[in-house]
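Asks: The sequence isn't on hand, but the structure is:
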């Protein structure tokens, strides 16, 4: 059974950074591209970027370019999303998600990680 | 850019829903997906490739469309279908785009 398990709730100060992890249990880690999607309170979902651990390729949404970094650790089947220069409007639930070996749409999602940015 | 309409759809259980997703440029039909999100949960994949239901999705959900106009149809709304729905394109460029969402609420 596929499970993406994310790290826990974070509270951060403006200007700091946050690093959220997502561990893939039950899949062939290097076969997939892992995406990060966020959702501010009461708002829609917003794609941030993706990483392909096998290819070592990252793609970022223009809005987050230069502020977000996606990395992967094949040994622990974990991907990481680090967001720097945090502002209050970065307060959101952050999700990791991936497809399958035959579906590139986001078939599997983590449970979400709430990041609150507050002074 | 993906534009979803209407923003909110008020319907009763048993009725049918038609949700629209319009793209600012023509999309490959292979890369249009729909997701359902219930409060407090992660989105769930319903449809990919415009019209293919994901594993375990009931056949009252169907997707159609091509070019710039796509539709998610939900026939015979069940109580658990009242949720927010997002369309997504994932193949027109390296980037991925979500629509703004349609809230299907109980009338």
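Replies: Sure, I can see it. Since the structure is predicted, the reported quantities are computational estimates derived from the model, not experimental observations.

Asks: Chain A contacts on chain B?
Replies: Proximity of chain B to chain A is confined to B:31, B:33, B:35, B:37, B:42-45, B:48-49, B:54-55, B:84, B:86, B:88, B:90-91, B:94-101 under the rule CB under 8 Å from any CB of the partner chain. Just so you know, the C-beta spots here come from the backbone N, C-alpha and C atoms, and that holds for glycine as well.

Asks: Residue A:100 should be in a helix, yeah?
Replies: No: Residue A:100: not assigned to a helix; according to DSSP: H, G, I helix; E, B strand; the rest coil it is coil.

Asks: Ramachandran coordinates for it?
Replies: Dihedral pair for residue A:100: phi -130, psi -170, per degrees, to the nearest 10.

Asks: what's around the residue nearest to it when sequence neighbours are not counted, how many residues?
Replies: Take residue A:100 and drop its neighbours on the chain: the residue closest to it by CB to CB, 6 or more residues apart in numbering or on different chains is residue A:107, 5.2 Å away. Residues lying near residue A:107 (other CB atoms under 10 Å in any protein chain shown) number 19.

Asks: farthest residue from the center of chain B?
Replies: Of all residues in chain B, residue B:94 sits farthest from the chain's C-alpha centroid, using CA atoms, centre = their mean; the distance is 21.2 Å.

Asks: which residues does that residue contact?
Replies: Contact criterion CB atoms under 8 Å, 6 or more residues apart in numbering or on different chains gives residue A:59 as the residues in contact with residue B:94.

Asks: how about it, secondary structure?
Replies: Going by three-state DSSP, the secondary structure assigned to residue B:94 is coil.

Asks: what about it, distance to residue A:93?
Replies: From residue B:94 over to residue A:93 the distance is 24 Å, taken as CB to CB, to the nearest Å.

Asks: returning to that earlier point: the residue nearest to residue A:100 is in contact with residue B:33, isn't it?
Replies: No: here residue A:107 lies out of contact with residue B:33, judged by CB atoms under 8 Å, at a distance of 9.3 Å.

Asks: joint contacts of those two?
Replies: If you check residue A:107 and residue B:33 against CB under 8 Å, 6+ apart, the residues they both contact are B:45, B:48.

Asks: Show me the residue at the heart of chain B, geometrically.
Replies: The centre of chain B sits closest to residue B:34, judged by CA atoms, centre = their mean, with a distance of 3.8 Å.

Asks: Return the residues in contact with that residue.
Replies: Taking CB under 8 Å, 6+ apart as the contact definition, residue B:34 lies against B:19, B:21, B:45, B:46, B:47, B:61, B:63, B:72, B:85, B:86, B:87, B:88.

Asks: List the contacts of residue 37.
Replies: Going with chain A. Residue A:37 is in contact with A:45, A:46, A:47, A:48, A:94, A:95, A:96, A:97, A:106, B:43, B:98, counting by CB under 8 Å, 6+ apart.

Asks: was after chain B, sorry
Replies: Counting by CB under 8 Å, 6+ apart, residue B:37 makes contact with A:45, B:43, B:44, B:83, B:84, B:85, B:86, B:101.
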